[in-house]
Structures are given as structure tokens and as C-alpha cells.
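>>> The following comprises the amino acid sequence and a computationally predicted model.
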Amino acid sequence: MASSKKRGAFIVLEGIDRSGKSTQSKKLHEHLTAQKIANQLIRYPDRTTITDCKQNKKLGKLLNEYLQCKQEVDDRAIHLIFSANRHEAKQQLLSWLEEGYTVICDRYSYSGTVYTYSKNVIKRDKMEKEGDKSIKSQKALDWEWCKHVDQGLIQPDVVIYLNVKDLATVKNRGEFGNERYENEAMLKQVLKSYQTFLAEDADKKIWSIVDANQAVEDVHKQIVSITLATIESVASKPVQYL
Ligand code: 2DT
Ligand code: MG
């Protein structure tokens, strides 16, 4: 007989760098915890998974070194590794949801597609501008391929997209760090690619757009309300897959 236990909701936060994802994920976690709503806060990439060999999770360290520009990895290979970093944790995520934990996740497969694809657009534009002939022998990294490797992962019950309308807003939020992808050309292209995802996924109705230009507390209130409604509405529904 099916269990009558209510499952938790899978809440993903997405958006460009400095749109407020990490701040808001943490605030949501603190809020739910204060309200005694069982929850887990996770993020992708999970850079910690070298120490967790018992659970066969070990890709995070490589991703961290790649992002810190300490390692160069082929574009397709690293995309697969970002994706595998989610696949290796799928069983744990499923167990949490089934046990009734709501899981808050700072970036997920949407970041995977959007960042790899954007990196490739920029690379090819540069090669074209410089008249680099080798561009012809390189097949462009295709959007569908980027998405495809995440098939079979758990689908979020809601993707809260922190929408930054103009880049001027995030520029005021401090300097870039030194990691790979932390530059203006990438930020612009990533913003465009998120719009593509939103348009494509419109029929899935899992995206919830929040204006990230608002004050932190206003964004937080909206996210809490979306989260509580989602927890309520999915409690008796089965988990879905990408
Ligand atoms: P943070 O700054 O949020 O730690 O992100 N990224 C992320 C990818 O390229 N592929 C992925 O699958 C994911 C989840 C986005 C670090 C950078 O990693 C990028 C920014
Ligand atoms: Mg970053």
C-alpha cells in the first residue's frame, strides 16, 4: 500500500551571478527551520564530494579546481562532470524528499545548460572574429545535447528564477571574483540563455519569476510564499523526472 506520508518539495533557485540566489537560499532555509519545516539546503556544483567516497560521490573537487582555473578540461567532458555531480547525488535527494524534507537547491541543471552553452557561443564568436579556421572542424556545442545529459534527474517542483532586468543592478553589487565565467561577456550571454530556457519550458509551468531588483526582504517574502504554496500542492503528488 502506498505510504500516506507527505513528501517534501524540491525548490530550485536559478539566476545569473549576484542575482541573490545564495543569500535567498540561506534566508529561506533559516525561515523554514524557524517554522519547524523539515528542510535541507544544497547547492550545485557540490564542490565537496571527494570526501564522500562511501556514497560514491567524488566529482566536486575536480569541478572546484576547474572553476578556480587550476585545471583545464575539455568543454564536453566538464559539462558531463557537472551533470554527473547531480546524478551522483540523485538517490540522496530522492530519499530526503520521500522522508518529507523540503530541499532548497542553489543552482541545478538549468545552470548546467546555460553556462556551457554560453561559454561556447562566446568562444565561437571570438574564433570567428579572429578568422580562426579551426572553427569549421569544431562542431558547436548544441543546446539540446547540453540539456539531454540531465535527463532522468529529479525535476524541481518549482524553479524560482531571480530575474535581473538590467546588468547595471548586479554591477553595483560588488566586483567579480577570480573564477572562470566571472566576467561581463559571460554574464550577458548567460542572461540571454536563461531567457531561452524560460521560453522553452513555458508549458511545464514550473518556473516562477521573481524580480531580483527588489529589496532583499521583499524578494525573501515572495520566495517564502511560493515555497509554502509548493510544499502544500506537491505533498501527495509523485516526484517527477527531467
Ligand atoms: P557558484 O558561483 O554558484 O558556486 O557557481 N555551473 C554551475 C556550470 O557551469 N555548470 C553547472 O552544472 C552548474 C551547477 C555556474 C559556480 C559556477 O558554475 C557554473 C557558475
Ligand atoms: Mg560564482
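Done, it's in. Ligands and ions are numbered 1, 2, ... in the order given.

>>> From now on I want contacts and neighbour counts done on CA atoms only, so please keep to that.
Fine.

>>> and the closest residue to ligand 1 within the chain, which of the three is it?
Nearest residue of the chain to ligand 1 (CA to the nearest ligand atom) works out as residue 112 at 3.1 Å. Secondary structure assignment for residue 112 (DSSP: H, G, I helix; E, B strand; the rest coil): helix.

>>> Close to ligand 1: what parts of the protein are there?
Contacts of the chain with ligand 1, taken as CA under 6 Å from any ligand atom, map to 44, 45, 82, 83, 107, 108, 109, 111, 112, 115, 116.

>>> and if we set it to 8 Å?
17, 21-22, 43-46, 67, 79, 82-83, 106-116, 179-182 (CA under 8 Å from any ligand atom).

>>> Tell me which residue is most central in the chain.
By CA atoms, centre = their mean, the mean C-alpha position of the chain lies nearest to residue 107, the distance being 2.2 Å.

>>> worst-scoring helix or strand of the chain, pLDDT-wise?
The weakest-scoring helix or strand in the chain, judged by mean pLDDT, DSSP states H and E, is helix 167-171 (a mean of 81).

>>> Need the residues that contact the helix or strand that that one is followed by.
Using DSSP states H and E, the helix or strand that follows helix 167-171 towards the C-terminus is helix 184-200. With contact meaning CA atoms under 8 Å, 6 or more residues apart in numbering, helix 184-200 is reached by 15-17, 110, 114-115, 117-119, 121-122, 167, 181, 207.

>>> Which among those count as buried?
For the contacts of helix 184-200, a burial check counting by 16 or more other CA atoms under 10 Å picks out 15, 16, 17, 110, 114, 115, 117, 118, 119, 121, 181, 207.
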